[in-house]
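Engineer: sequence plus predicted model, see below.
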Amino acid sequence: MERRKKTKEEILRLPEILSEQNGKQQLIAIDEFQNISRFENSEALQYELRSYWQHQKKSSFCLYGSKRHMMEELFSNESAPFYNFGQILKLNRISEKDWTPFIISKFGSTGKPISEKYAGIICKWTQRHTEHVQFLSHLIWTNSPRNKRVGEQQMRKGFLDFLNFTEAHSTDIFDRLSNIQINVLKAILSGEKQLTRQESIRKYHLKSSATALKARKALIREDLLEKLSQTEYRIINPAFEWWFQRKVLKRDILSKISDELD
């Protein structure tokens, strides 16, 4: 006998139906939820989801994503369907204190011990960005022989592989930037705290304070830049920052990493 297709209402009520059947609270986790904004008729879909989900008493929803600005637009914008839908938690990057023993443990468990110093350097080179910590660690691990401690050679080779593997993506990011956005990044990576100062505007060719602030806002909106404090900003993607320092600012980053390994 052919199974009857479930209606849309049954699908949207499924968590509550399951809860009623097994007597257990349901937790629904949806990753990269910000992508809903790219769906056709996205706003109507969001309103419909909320209309069902907000009345489900035996179900909880964890909606998370990697694009902070897009997630804020979904849940913090007063005109958005999911405004005030639930508690908003902004997760900071994992601390070096927590990363270091984890890295040491994972390397050691596979017969490739790594020192606390080198585990800390992995955190520093990747700015504790989870995806990049894992990727760089994997490259260093791959270059390291079994039953031998990870050395300077493996660290350097892993970092060079990291730069090579991420270069195409970094180039794509750069190609989408306007000249003013590039100049804003130059200023930030040069330690400039006040983009609106006339001296900064002249030095980095930012045209005007309004133009500089508009470009910075666009970089934040595209999740390329994040605000750390009133005057401090950070490039979110560490691999792109390394690429930018090497290709645009012409800095000798290889000598820098060699000095840190000594």
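Structural biologist: Good, I have the coordinates. Numbers count the residues shown, from 1 in each chain.

Engineer: all helices of the stretch 101-250 of the chain, in order?
Structural biologist: Using DSSP state H, counting those that start in this stretch, the helices found in the stretch 101-250 of the chain span residues 116-126, 130-142, 152-175, 179-189, 198-203, 209-221, 238-247.

Engineer: out of those, which comes closest to Lys24?
Structural biologist: helix 130-142 (30.7 Å; CB to CB). For every residue, glycine as well, the C-beta is placed using N, CA and C.

Engineer: how far does that closest one sit from the chain's center?
Structural biologist: Mean-position distance between helix 130-142 and its chain equals 15 Å (CA atoms, centre = their mean, to the nearest Å).

Engineer: any idea of the angle it forms with helix 116-126?
Structural biologist: In terms of direction (axes from the mean of the first three to the mean of the last three CA atoms, to 10 degrees), helix 130-142 departs from helix 116-126 by 130 degrees.

Engineer: just use 38 as the starting number from now, easier for me
Structural biologist: OK, 38 is where the count begins now, so the last one is helix 167-179.

Engineer: quick one: buried residues of helix 167-179?
Structural biologist: Within helix 167-179, the residues that count as buried by 16 or more other CB atoms under 10 Å are His169, Val170, Phe172, Leu173, Ser174, Leu176, Ile177, Trp178.

Engineer: and the furthest pair within those?
Structural biologist: Greatest spacing in those, by CB to CB: His169 and Trp178 (14.3 Å).

Engineer: quick one on the thing from earlier: just the buried residues of helix 167-179 now: which is nearest Phe277?
Structural biologist: His169 (10.2 Å).

Engineer: how deep is the closest residue to the closest one other than its chain neighbours tucked in, by neighbour count?
Structural biologist: Counting by CB to CB, 6 or more residues apart in numbering, Thr163 is the residue found nearest to His169 once chain neighbours are left out, at 3.9 Å. Thr163 has 23 neighbours, counted by other CB atoms under 10 Å.
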